[in-house]
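Q: missing the sequence, but the structure's below:
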């Protein structure tokens, strides 16, 4: 194959289109669209090459649109993978469905419960109750839930959710039956994954990182100025 401008341009565009297809986060495939248009444009000289480029672009968009159900991108979604509670835990769930593990005497929980310490003590002792609604505290306009998890309890993984403002702040959350758990909270003593499958595959992280490409021209501009 000749090393022509069209071949080089096509190869680079294909690589960045794949990066966009496997990009997890708010930007999704959006930052790959210039490469998609360029791929179709540069191959528009022949009908078959234009059609192949267009089909490839559509396939990339389809992959990204269904990325949160893709077990190759998120091995944690493979059949048989579940979570196990390593010790009795309290999980504070926010209205967004996400939450965090809290200790009975921790500052965060005491701040939310405020003066109702006796209610918290009774809730922890009661073996029949599994959750408690907290309609007040620092989140006065919203209802929170305090959920009890028991040691060796098995938790079904229902999916993956990604939350963040910009890509550098994106976080993967695991959707469980009791709420969304941040990836960083897994294997820290409260819950762990069995079998030991990662949340997201490294190769998809590397490909998705290609969508940081706008940082390069911005860095060059700052250097020249």
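A: Perfect, I can see it now. Since the structure is predicted, the reported quantities are computational estimates derived from the model, not experimental observations.
Q: which residues in this structure form strands?
A: Counting by DSSP state E, the chain has these strands, from start to end: 82-85, 89-93, 99-102, 131-134, 144-149, 154-163, 171-176, 180-182, 191-194.
Q: Out of those strands, which gets the lowest mean score?
A: When the strands of the chain are ranked by mean pLDDT, strand 131-134 comes last with a mean of 83.
Q: From the contact counts, what lies against that strand?
A: Judged by 3 or more Cβ pairs under 8 Å, 6 or more residues apart in numbering; DSSP states H and E, strand 131-134 is in contact with strand 144-149. In this view, the C-beta of every residue, glycine as well, is placed from N, C-alpha and C.
Q: dump the residue contacts of residue 161.
A: Listed by Cβ atoms under 8 Å, 6 or more residues apart in numbering, the contact set of residue 161 reads 68, 172, 173, 174, 175, 180.
Q: swap in residue 32?
A: Residue 32 neighbours (Cβ under 8 Å, 6+ apart): 16, 17, 19, 20, 21, 23, 60, 211.
Q: can I assume the second one is in contact with residue 36?
A: Yes. Using Cβ atoms under 8 Å, residue 17 is in contact with residue 36, at 5.7 Å.
Q: Which residues are in contact with each of these two?
A: In terms of Cβ under 8 Å, 6+ apart, residue 17 and residue 36 are both contacted by the residues 57, 60.
Q: In this protein, where's the longest helix?
A: With secondary structure taken from DSSP state H, the chain has its longest helix at helix 47-65.
Q: What are the contacting residues of that one?
A: With Cβ under 8 Å, 6+ apart, helix 47-65 has contacts from 10, 14, 17-18, 20-23, 28-29, 32, 36, 39-40, 43-44, 70.
Q: One more pass at 7 Å, please.
A: Outside helix 47-65, the residues within contact range by Cβ atoms under 7 Å, 6 or more residues apart in numbering are 17-18, 20-23, 28-29, 36, 39-40, 43-44.
Q: Now that we have those, which of them are buried?
A: Among those, the ones that count as buried by 16 or more other Cβ atoms under 10 Å are 17, 18, 20, 21, 22, 23, 28, 29, 36, 39, 40, 43.
Q: and the contacts of residue 161 as a markdown table, adding neighbour count and distance to residue 192?
A: Compiled in a markdown table, the contacts of residue 161 are given as follows (neighbours: other Cβ atoms under 10 Å; distance: Cβ to Cβ, whole Å):
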| residue | neighbour count | distance to residue 192 |
| --- | --- | --- |
| 68 | 16 | 22 |
| 172 | 23 | 16 |
| 173 | 22 | 16 |
| 174 | 24 | 12 |
| 175 | 17 | 17 |
| 180 | 22 | 17 |
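Q: And these, which is closest to residue 206?
A: Nearest to residue 206, judged by Cβ to Cβ, of those is residue 172 at 15.3 Å.
Q: So for the residue lying closest to that closest one once chain neighbours are set aside, what's the pLDDT?
A: Distances taken as Cβ to Cβ, 6 or more residues apart in numbering place residue 183 nearest to residue 172, at 4.4 Å, with adjacent residues excluded. At residue 183, the model reports a pLDDT of 87.
Q: now residue 183: how far from residue 198?
A: In this view, residue 183 and residue 198 are 9 Å apart by Cβ to Cβ, to the nearest Å.
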